[in-house]
Structure formats: structure tokens, C-alpha cells
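**Student:** Provide a 3D model corresponding to the input given below.
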Amino acid sequence: MPIDKEKAGQNSEDQAAPGQAAGKPLTDVQLSRDTRNIPISKVGVKDISYPIVVMDKNHSYQSTVARINMYVDLPHHFKGTHMSRFVEILNAYREQIALDKMETILAKMKEKLGASCAHLEMEFPYFIEKKAPVSGAKSLMEYTCTFSASLSGTFDFVLGVKVPVTSLCPCSKELSRYGAHNQRSVMTVQIRYNDFIWIEDLIELIEQCGSSPVYSLLKREDEKFVTERAYENPRFVEDMVREATVRLLSLENITWFSVEAENFESIHKHSAYAAIERSKGN
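**Tutor:** Presented below is the predicted three-dimensional model:
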């Protein structure tokens with residue numbers, strides 16, 4: 001029997017998608033009612049890899065790639081949120097994702113998802129050109145930075161940096177006849193501020209709290225200098241967070257901060273750790 005191609009094509013176009021009756025709209029399951037009466041504080045998507053732009057003190061802007069988390073609150077009566085809308089919002093601000101756009105993006109999240117509160121978190125590598133202390137050899141040093149923002153009634157923003165330093169143990173120096181054990185450490189700082197602060201300036205401040213900064217490139221004369229500077233400047237983790245606290249409290253534009261120090265011990269299996277959190281006036 002010959003096939004009527006025109007009729008066959010018409011029938012195929014009229015055919016409903018799997019699970020969908022012809023002419024019937026797809027059900028929005030997320031908006032169906034949930035009867036357990038339990039609101040959710042944060043629901044959304046995590047670990048999206050996406051390009052962003054960060055202000056650079058020396059070069060105006062720096063392009064990098066962030067791991068992004070996006071959340072909103074969910075009222076008790078909704079079954080779920082629309083996960084695809086988070087990515088749609090990122091795509092709408094493609095090549096504009098920067099610090100000065102965070103409040104705008106959060107407002108759009110609230111609007112598109114019918115939420116009363118939205119959260120946006122970004123973790124990204126940030127590179128600073130650094131000179132070795134004696135030879136002046138230049139190299140790029142990588143730091144991990146974070147932007148954490150939320151919008152409910154007001155906009156809240158927290159800047160974070162992870163800064164590697166060298167720490168030399170005061171106890172080991174006191175006890176040992178030859179040298180002292182040292183190790184690489186990481187200081188993690190988060191701040192709220194009422195006047196802009198450069199990432200570079202915050203990193204430089206924190207590097208001064210260890211026994212010595214860390215460099216990606218050192219010549220022989222630099223290695224001698226760094227080793228001797230660390231020996232003359234021993235620091236416990238307690239010293240490091242206290243020193244950071246003194247320096248952060250001296251900056252009038254910082255309203256709140258938390259600082260952590262972790263030493264990846266060279267002669268112990270464990271790490272040493274200390275932390276302080278302060279609001280101005282406390």
C-alpha cells in the first residue's frame with residue numbers, strides 16, 4: 001500500500017511527546033503542594049564552573065573561572081524549586097559576572113524563583129605578580145578567594161582569601177641545638193567592610209602574620225633570605241591569628257572578620273589550628 005507522505009508528516013507533528021497528552025501542557029511538579037509543612041532554608045545548585053571577572057589592583061580586571069553555588073529559600077507549601085532557572089540567570093549575565101553585579105544577580109534569583117532570600121557563593125583562583133625578596137625575580141602566585149553574598153531585606157557580602165605562609169615553631173627553636181622545624185601554613189580570612197578593600201592589600205596584610213611569605217619562584221639568594229627571616233620570626237598558630245586580629249582591627253573600613261590558621265606540621269601527623277572571629281566593638 002503506498003504511503004501518503006503528506007499525511008504521515010502531519011500525523012508525526014501532531015504526535016505528543018512521551019508522557020504528554022496531545023495539546024496538554026507539561027505539569028510543573030515543583031509548584032505542586034507539599035503537605036509536610038517544612039520550609040527549606042537553602043535549595044539550589046552547587047559547583048557550577050563559570051567564567052567571572054574580578055577587579056585587579058594593578059591591571060583593572062582579571063578574568064578567572066569560579067566554582068559557583070546558588071541557593072534560595074523554599075516556602076513549606078512548594079514541593080521543589082526550578083533548578084534550571086539558576087543556570088538561566090548565570091547565562092543572562094554572561095561576561096558580566098563580577099562583584100558589582102552580585103546584588104543584581106541575587107535580586108533576579110529572588111524574582112525568578114519567587115523567593116524571599118537568595119545566596120550566591122563563588123570560589124576562584126586569583127593571581128598576583130610577586131617579586132622574590134632579593135633577586136627581584138618575578139612570578140605569578142595563586143591565591144584562593146571567595147565571594148559570599150546574600151539578599152533578603154538587605155544585601156550582605158563577605159570577601160574571603162586563603163593565604164599560604166611559612167611558620168617556624170618557637171618551641172622547636174628554643175629547644176633545638178640546630179635549627180627549628182618549620183612548615184607551610186594556610187591562613188583563611190573572611191571580612192565584611194563598609195568601604196572597598198583590594199584583594200591584594202588584604203593578602204599582603206595576612207602574609208605579614210606568618211614567619212615568612214611564600215613565593216612561587218626563589219633564587220639561591222632569595223632562599224637564604226626567606227629561611228633566615230623565618231628563623232628570626234618564629235610563630236605559633238596562636239601568634240598568627242592574634243597578629244592578624246591586631247592588624248584587621250586597625251582597619252576602620254572592616255566591620256567584621258574571621259581568621260583561621262592551620263599549620264601542616266612537618267614533624268607531627270596532625271595539623272595545628274587556631275581561629276578568631278570579631279565584630280568591631282566586641
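
**Student:** residue ranges for the helices of the stretch 151-282 of the chain, please.
**Tutor:** Secondary structure of the stretch 151-282 of the chain, counting by DSSP state H, counting those that start in this stretch: helices at 170-175, 199-207, 220-231, 237-249.

**Student:** Just send the ones you listed back as TSV, with mean pLDDT and mean neighbour count too.
**Tutor:** Glycine gets a C-beta too; all of them are placed from N, C-alpha and C. Converted to TSV, those look like this (pLDDT from 0 to 100; neighbours: other C-beta atoms under 10 Å):
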stretch	mean pLDDT	mean neighbour count
helix 170-175	93	13
helix 199-207	97	19
helix 220-231	96	15
helix 237-249	97	18
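
**Student:** between these, which gets nearest to A132?
**Tutor:** helix 220-231 (4.1 Å; C-beta to C-beta).

**Student:** Residues in contact with the closest one: which ones?
**Tutor:** Residues outside helix 220-231 that contact it (C-beta atoms under 8 Å, 6 or more residues apart in numbering): 132-135, 137, 166-168, 173, 179-180, 182, 211-213, 215, 218.

**Student:** Filter those residues down to just the ones in strands.
**Tutor:** 166-168, 182, 212-213 (DSSP state E).

**Student:** Of the residues you listed, which is the most crowded?
**Tutor:** Of all the ones in strands among the contacts of helix 220-231, the most densely surrounded is S167 (30 neighbours; neighbours counted as other C-beta atoms under 10 Å).

**Student:** Now do the contacts for K57.
**Tutor:** Contact analysis of K57 by C-beta under 8 Å, 6+ apart lists 198-201.

**Student:** For T104, the count of nearby residues, please.
**Tutor:** Using other C-beta under 10 Å, T104 has 12 other residues around it.

**Student:** Chain neighbours aside, what residue packs nearest to it?
**Tutor:** Nearest non-adjacent residue to T104, counting by C-beta to C-beta, 6 or more residues apart in numbering: Y93, 7.6 Å away.

**Student:** mind checking how far S41 is from K130?
**Tutor:** 40 Å (C-beta to C-beta, to the nearest Å).

**Student:** ok, the two, which is more surrounded?
**Tutor:** K130 (18 against 10).

**Student:** Need the per-residue pLDDT for that one.
**Tutor:** Predicted confidence (pLDDT) at K130: the value is 96.
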